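1. next come a sequence and a model predicted from it.
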Amino acid sequence: MEALEKFMEEAAHVVPSPRQRQWFDTEFYAFVHFGVNTFTDREWGLGNEPEAIFNPEKLDCDQWVRAMQSAGMKGMVLTAKHHDGFCLWPSKYTEHSVKNSPFQGDVVKQASDACRRAGLKFGVYLSPWDRNNPLYGTPEYNDYFCRQLTELMTNYGELFCVWFDNACGEGPNGRVQKYDWQRYFDVIHKLQPNAVIAITGDDVRWVGNEKGLGRECEWSATVLPPGGYPDSDSIKAALGLNEKSEDLGSRDLIARAGRMFWYPSEVDVSIRPGWFYHSEQDAQVKSLSKLVDIYYESVGRNSVLLLNIPPDRNGRICDIDVQRIKELNEYITRNFSNDLISSSPASVKQGGELTYNLRRAAKVNSVTLQEDISKGQRVESFTVSVKTGGVWKTVANGTTIGYKRMFRFPEVEATALKLTINSTRGTANISKVSAFCVESVAESK
Ligand code: FUL
């Protein structure tokens with residue numbers, strides 16, 4: 001019992017690092033999958049694609065950035081190299097890159113410059129799995145990978161994110177690679193100390209699916225150990241955890257693990273069925289209604305949303321996708337700019353209640369709650385009620401809040417709103433409570 005209390009006290013004081021804090025404030029940013037797969041209509045290239053096929057004749061990274069800005073996205077992560085090994089920048093260390101293509105330019109440079117001009121953050125995805133490089137599967141490949149990382153960390157200004165997936169398949173010689181993660185991380189920390197490493201890394205955790213769906217119970221302060229290296233895998237196994245586990249910070253787990261980490265979740269999803277552009281998927285761009293659901297179930301569930309919008313063979317993001325993400329931002333701006341209550345930050349312990357009068361009697365069907373995560377994530381259980389016809393009616397309840405928690409519920413005429421904190425670890429710091437009346441979105445769009 002005493003031990004649990006001690007662990008809970010510690011859990012209450014696990015906080016984000018400055019770069020994790022900045023990353024959370026980004027809230028919503030763009031993934032850009034672009035490369036030889038765009039020209040072969042594959043999702044995973046084989047590694048033997050001729051460089052000659054990469055020829056985006058109308059490449060316009062400013063058009064990408066304009067689309068992202070009109071969507072309210074605050075940054076971009078570009079696939080500098082996917083599993084096929086083809087590099088979108090003229091790397092000194094391989095011939096398999098833009099330098100031997102008819103395109104000749106440097107896509108990483110054009111994209112990072114466009115971001116800089118528009119005030120967007122820029123980051124890179126670099127696949128450790130490389131189906132082209134002959135060194136893959138030998139210790140020398142780790143040297144190659146670090147040299148490539150060094151080029152990217154040095155020549156493209158400040159990066160806010162380096163994104164590694166965990167894929168580790170066979171290379172051109174049928175061998176698999178033993179990745180030297182710690183060495184990769186050291187290169188990044190030395191050259192780009194403000195960049196978070198996602199999602200095989202210590203700063204940002206994969207939510208566990210590619211459907212745009214966050215957990216209802218989402219702890220940023222979690223027992224799930226950071227990183228994607230064997231050490232953390234064995235700890236996960238001992239605790240019986242995987243990416244699909246629903247509660248990664250329960251009291252029971254904390255008592256067993258005895259250790260907590262700030263390791264927040266990111267939801268990555270594509271606006272189309274594939275990560276790369278395929279013209280036959282033009283009619284399958286996600287609807288506005290689906291994107292609004294994703295927004296509520298990612299940003300609204302204590303996660304950051306990384307939405308993929310892949311450029312086509314010309315090197316431009318399709319009008320359909322551009323229009324759809326713009327509609328999403330218009331929806332968000334229109335519906336969340338009229339907060340019906342004005343709340344100020346408040347500290348509250350379990351059993352505590354915060355009551356807010358609405359500016360006027362109004363219809364309410366959505367609530368947003370926020371904790372001040374710079375002091376730790378502390379709410380374990382809460383209820384939201386609204387005063388309607390003089391009586392309190394429960395409209396939402398949940399476990400975690402964290403950076404942001406959003407709810408939708410059937411419309412109700414209300415004069416006041418009450419947040420009841422049923423259980424916390426330490427004192428919870430509620431930074432904002434908001435109420436809205438949002439439009440429903442037609443499913444057909
Ligand atoms: C995965 C990759 O295999 C997919 O192609 C895509 O890049 C996705 C974001 O990560 O691991």
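-> The structure has been received and is ready for your questions.

2. next up, the contacts around the residue in the chain that the ligand sits nearest to.
-> Here the chain gets closest to the ligand at one residue, residue 165, 3.3 Å apart by CB to the nearest ligand atom. In short, each C-beta sits where N, CA and C put it, glycine included. Residues near residue 165 by CB atoms under 8 Å, 6 or more residues apart in numbering: 125, 127, 129, 199-200.

3. show me which residues of the stretch 101-250 of the chain sit near the ligand.
-> With CB under 6 Å from any ligand atom as the criterion, the stretch 101-250 of the chain comes near the ligand at residues 165, 167.

4. could you redo the last one with a cut-off of 8 Å?
-> Within the stretch 101-250 of the chain, the residues that sit near the ligand (CB under 8 Å from any ligand atom) are 125, 127, 129, 163, 165-167, 210.

5. pick out the residue nearest the middle of this protein.
-> By CA atoms, centre = their mean, the mean C-alpha position of the chain lies nearest to residue 266, the distance being 3.2 Å.

6. count the neighbours of residue 279 for me.
-> When neighbours are counted by other CB atoms under 10 Å, residue 279 registers 10.

7. helix, strand or coil: sort out the residue nearest to the centre of the chain for me.
-> With DSSP: H, G, I helix; E, B strand; the rest coil as the basis, residue 266 sits in strand.

8. which strand residues bridge it?
-> As for beta bridges, residue 266 partners with residue 206, residue 304 under DSSP bridges.

9. residue contacts, it?
-> By CB under 8 Å, 6+ apart, the contact list for residue 266 reads 198-199, 204-207, 303-306.

10. do residue 295 as well
-> 28, 305, 328, 332.

11. touching the ligand at all, the host helix or strand of it?
-> Using DSSP states H and E, residue 295 sits in helix 288-298. No. Helix 288-298 stays clear of the ligand (CB under 8 Å from any ligand atom), getting no nearer than 14.8 Å.

12. C-alpha coordinates for that helix, CSV please?
-> Output of helix 288-298 as CSV, limited to C-alpha atoms (Å, rounded to 0.1, in the frame of the first residue of the first chain):
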residue,chain,number,x,y,z
LEU,A,288,-15.5,15.2,-44.0
SER,A,289,-17.6,13.3,-41.6
LYS,A,290,-14.9,10.6,-41.2
LEU,A,291,-12.2,13.2,-40.8
VAL,A,292,-14.2,15.0,-38.0
ASP,A,293,-14.6,11.6,-36.3
ILE,A,294,-10.8,11.1,-36.6
TYR,A,295,-10.2,14.5,-35.1
TYR,A,296,-12.4,13.8,-32.1
GLU,A,297,-10.8,10.4,-31.7
SER,A,298,-7.2,11.5,-31.9
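
13. buried sites along that helix?
-> Of the residues in helix 288-298, 288, 290-298 count as buried by neighbour count, 16 or more other CB atoms under 10 Å.

14. same question, stretch 66-73
-> So for stretch 66-73, counting by 16+ other CB under 10 Å, buried means 66-68, 70-73.

15. taking those residues one by one, which sit in helices?
-> Those of those mapping onto helices are 66-68, 70, per DSSP state H.

16. quick one: average pLDDT of stretch 350-362?
-> Here stretch 350-362 scores 94 as its mean pLDDT.

17. contacting residues around that stretch?
-> When contacts are defined by CB under 8 Å, 6+ apart, stretch 350-362 is touched by residues 340-343, 346, 348, 364, 380, 413-424, 428, 430, 433, 435, 437.

18. one more: stretch 62-72?
-> By CB under 8 Å, 6+ apart, the residues outside stretch 62-72 that reach it are 28-30, 32, 76, 111, 114-115, 117-118, 120, 309, 311, 316-317, 321-322, 325-326, 328-329, 332-333.

19. can you select the buried ones from the residues you listed in ChimeraX?
-> Entered in ChimeraX, the line below selects the buried ones among these, by 16+ other CB under 10 Å:
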select :28,29,30,32,76,111,114,115,120,309,311,316,317,321,322,325,326,328,329,332
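
20. could you pull out the strands in the stretch 201-350 of the chain for me?
-> With strands called from DSSP state E, counting those that start in this stretch, the stretch 201-350 of the chain shows them at 205-206, 221-222, 261-262, 265-270, 303-308, 346-348.

21. in a markdown table, list the buried residues of helix 288-298 along with pLDDT.
-> Compiled in a markdown table, these are given as follows (pLDDT from 0 to 100):
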| residue | pLDDT |
| --- | --- |
| 288 | 98 |
| 290 | 98 |
| 291 | 98 |
| 292 | 98 |
| 293 | 98 |
| 294 | 98 |
| 295 | 98 |
| 296 | 98 |
| 297 | 98 |
| 298 | 98 |
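
22. now the helices: where do they sit in the stretch 1-150 of the chain?
-> Along the stretch 1-150 of the chain, counting by DSSP state H, counting those that start in this stretch, helices occupy 2-12, 18-26, 36-40, 61-70, 107-118, 139-155.

23. what packs against the last one?
-> By that I understand helix 139-155. Contacts defined by 3 or more CB pairs under 8 Å, 6 or more residues apart in numbering; DSSP states H and E place helix 139-155 against strand 121-126, helix 181-191.

24. mind putting those in TSV, mean neighbour count and mean pLDDT included?
-> TSV is the format used below for these (neighbours: other CB atoms under 10 Å; pLDDT from 0 to 100):
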stretch	mean neighbour count	mean pLDDT
strand 121-126	23	98
helix 181-191	16	96
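
25. can you tell me the closest non-neighbouring residue to residue 114?
-> residue 61 (3.8 Å; CB to CB, 6 or more residues apart in numbering).

26. for residue 24, see how far away residue 290 is.
-> Here the criterion is CB to CB, to the nearest Å. By it, residue 290 lies 24 Å from residue 24.

27. for residue 57, same thing?
-> Going from residue 57 to residue 24 by CB to CB gives 38 Å.

28. which of these two has more residues huddled nearby?
-> Neighbour totals were compared for residue 57 and residue 24, and residue 24 leads with 22 against 9 (other CB under 10 Å).

29. can you classify the nearest residue to that one once chain neighbours are set aside by secondary structure?
-> Once flanking residues are discounted, residue 24 sits nearest to residue 403: 5.2 Å by CB to CB, 6+ apart. Secondary structure, three-state DSSP: residue 403 is coil.

30. pretty sure residue 403 is touching residue 371, no?
-> Yes. At 7.1 Å, residue 403 counts as touching residue 371 under the criterion of CB atoms under 8 Å.

31. double-check that residue 362 belongs to a strand.
-> Yes. The assignment for residue 362 (three-state DSSP) places it in a strand.

32. burial of it, as a residue count?
-> When neighbours are defined as other CB under 10 Å, residue 362 has 16 of them.

33. what's the spacing between it and residue 412?
-> Residue 362 sits 10 Å away from residue 412, going by CB to CB.

34. give the buried residues for stretch 379-392.
-> For stretch 379-392, the neighbour count (16+ other CB under 10 Å) marks 379-388, 392 as buried.

35. that's all I had, so thanks and see you.
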